[in-house]
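Novice: Here is the input, now give the coordinates:
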Amino acid sequence: MKKFAFLFIFLLSGFGAFSQQKEYTEIKFKSKLRSYTKVIPKTKEFGLDRDLFVQLADLLTMEAFDEKQKTELANKLWLAVSDPKKFDFVYKDYSLNTIKNWGVKIKFEDPNFEPNPYLAKWTVTGDEFLYFQWAITQILTYERLMAYSEKAKVAQKAIHDLILLKNMNFYPAKTDEYAYDYLNRNNRLLAKKGLVIVIYNFHFDYMVCRLEDKEQVVELLSRLKWEFVVP
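Specialist: Predicted coordinates for the structure are as follows:
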């Protein structure tokens, strides 16, 4: 009887999840690739495992996520990195939603209707670490844990989009200032709250963590051949 009740509840929850999915019959999926790779990224050979993403999910979300949300984020990051095909299948809605402008018509560009965006990216990239960095960036940006901006004016808005900084006040951007310098100035304010922004060296992707966790976060990211520094 208990087994029957469990199965019944499972089926109900499954139908509920299905009803919340997009109506894919109305979407014209179209891949620009003739075929996808059948090879999965070599995570084990590079010494990467799920625990790395469990740690990152915890350190980058702090109190903004509860334990269940942290686990879900770690699972998504790990699956996207270790098996892009399965990630696109298991998290279909989520996968598409993390791709900016997916299915949106942009001037002078064909709309992106790629049905398996993570598998497609892995197929055309072929380099584990370039793919890892891309996949993690899509997910963390979607979760408002990561932002990108070259100009200070853009960074002034983007920094407030980060879920950990949304209610904080920052210096206004200067007209001749780049994001790197702008974030450097605002790190002085964040230091008073025990926080720090770290940025992808020579690039413009950045995230927030506790000052006391900075070295650990930088070390974890370095295992992905990703060099983050304090601007």
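Novice: Toward the C-terminus, what is the element adjacent to the helix or strand bottoming out on mean pLDDT in the chain?
Specialist: Here the helix or strand of the chain ranked lowest by mean pLDDT, DSSP states H and E is helix 2-19, holding a mean of 40. Where DSSP states H and E defines the elements, the next helix or strand beyond helix 2-19 is helix 50-61.
Novice: Can you show me the strands along the chain?
Specialist: Listed from the start of the chain, the chain has strands (DSSP state E) covering 146-148, 195-200, 205-210, 228-229.
Novice: Put together TSV for these, with distance to Ile159 on each row.
Specialist: Every residue, glycine included, has its C-beta placed from N, CA and C. Shown next, in TSV, are those (distance: least, C-beta to C-beta, whole Å):
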stretch	distance to Ile159
strand 146-148	7
strand 195-200	8
strand 205-210	9
strand 228-229	16
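Novice: Just put the ones you listed in CSV and tack on mean pLDDT.
Specialist: Below are the strands of the chain laid out as CSV (pLDDT from 0 to 100):
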stretch, mean pLDDT
strand 146-148, 94
strand 195-200, 96
strand 205-210, 96
strand 228-229, 96
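Novice: Dump these to CSV, plus distance to Thr125 and mean neighbour count.
Specialist: Formatted as CSV, these follow (distance: least, C-beta to C-beta, whole Å; neighbours: other C-beta atoms under 10 Å):
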stretch, distance to Thr125, mean neighbour count
strand 146-148, 19, 21
strand 195-200, 17, 21
strand 205-210, 17, 21
strand 228-229, 21, 18
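Novice: Nearest to Thr123, out of the ones you listed?
Specialist: Closest to Thr123 of these is strand 205-210 (C-beta to C-beta; 22.9 Å).
Novice: how distant is the closest one from the center of its chain?
Specialist: On the basis of C-alpha atoms, centre = their mean, to the nearest Å, strand 205-210 sits 12 Å off its chain's mean C-alpha point.
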